[in-house]
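Peer 1: Predicted model and sequence below, questions to follow.
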Amino acid sequence: MHDGVGASLISALRSVEQGAVDDAKVSQILKGCLDDLKLAIDSMEPVDADLLLLLASLRYRLEPRLEGSGITLAWDVQDLPTLAWLDPSSALHILRILQEGIANILHHAQASTIRLVTAPETQGPVAGVRVTIEDDGRGFDTEAAVAATGGRGLRNQQRRAQAVGGTVAWTSGPMGTRFTLWLPLNQGAATTD
């Protein structure tokens, strides 16, 4: 919670105290805080090691915001094996990784469509699952964005993925961006990166 709701509230408070933001920006920050709080609560709900159930809660929370932004959500999920290690802490990491990916699209991509895809996958000899978020936005220089000192979102996604034994990757160009989260079936399984 300290790097989600807490950080957002502190940022909003400082901005208001300094008179640095207008009412619309404060409203946007507070809506983000509510989204963070809802994700934290959702992560505590039992999902019985079912990633699709966790993703369904994310869709329920974010779809109205996407519709309000004029962005179409294409939901292309398929059955996945269970992740026995999927506890509330891991669930929160996964939700925040995906939330950051969608927030980046909303704030930077100028996209009209977001497509979320799931599939079972192996990374070398290690079995896992893949969650991909694709957009039709303007793309960005992924290496520069990860290396940038100003924003921490992409590095936080990497850190959170590592915390659950997974990996993240971005592919981007003028026709959009593809973000991929790979998660192992078995916690502690080594990846072959």
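Peer 2: Good, I have the coordinates.
Peer 1: ok, residue 173 - contacts?
Peer 2: Shown in contact with residue 173 (CB atoms under 8 Å, 6 or more residues apart in numbering): residue 139. C-beta coordinates here come from the backbone N, C-alpha and C atoms, glycine included.
Peer 1: measure it to residue 72 for me?
Peer 2: 20 Å (CB to CB, to the nearest Å).
Peer 1: partners of the helix or strand containing residue 178, with directions?
Peer 2: Element membership for residue 178 (DSSP states H and E) is strand 176-184. Strands that pair with strand 176-184, judged by DSSP bridges, come out as strand 126-135 (antiparallel), strand 167-173 (antiparallel).
Peer 1: Out of those strands, which one sits most buried?
Peer 2: Compared across the strands paired with strand 176-184, strand 126-135 shows the largest average neighbour count, a mean of 20 (mean count of other CB atoms under 10 Å).
Peer 1: residues of the next helix-or-strand element following it that come out buried?
Peer 2: Counting by DSSP H and E, the next helix or strand C-terminal to strand 126-135 is helix 142-147. Burial within helix 142-147, assessed by neighbour count using 16 or more other CB atoms under 10 Å, is assigned to 142, 145.
Peer 1: contacting residues around helix 142-147?
Peer 2: Contacts of helix 142-147 (CB under 8 Å, 6+ apart): 151, 154-155, 158, 170-172, 177.
Peer 1: and what of stretch 87-105?
Peer 2: Contacts of stretch 87-105 (CB under 8 Å, 6+ apart): 4, 32, 35-36, 39-40, 42-44, 47, 51, 54-55, 57-58, 62, 66, 71, 83, 86, 111, 114, 131, 133, 135, 137, 153-154, 156-157, 160-161, 163-164, 168, 177, 179, 181, 183.
Peer 1: quick one: buried residues of that stretch?
Peer 2: Buried positions in stretch 87-105, judged by neighbour count with 16+ other CB under 10 Å: 87, 90-105.
Peer 1: OK, contacts around residue 38?
Peer 2: Residues in contact with residue 38 (CB under 8 Å, 6+ apart) are residue 61.
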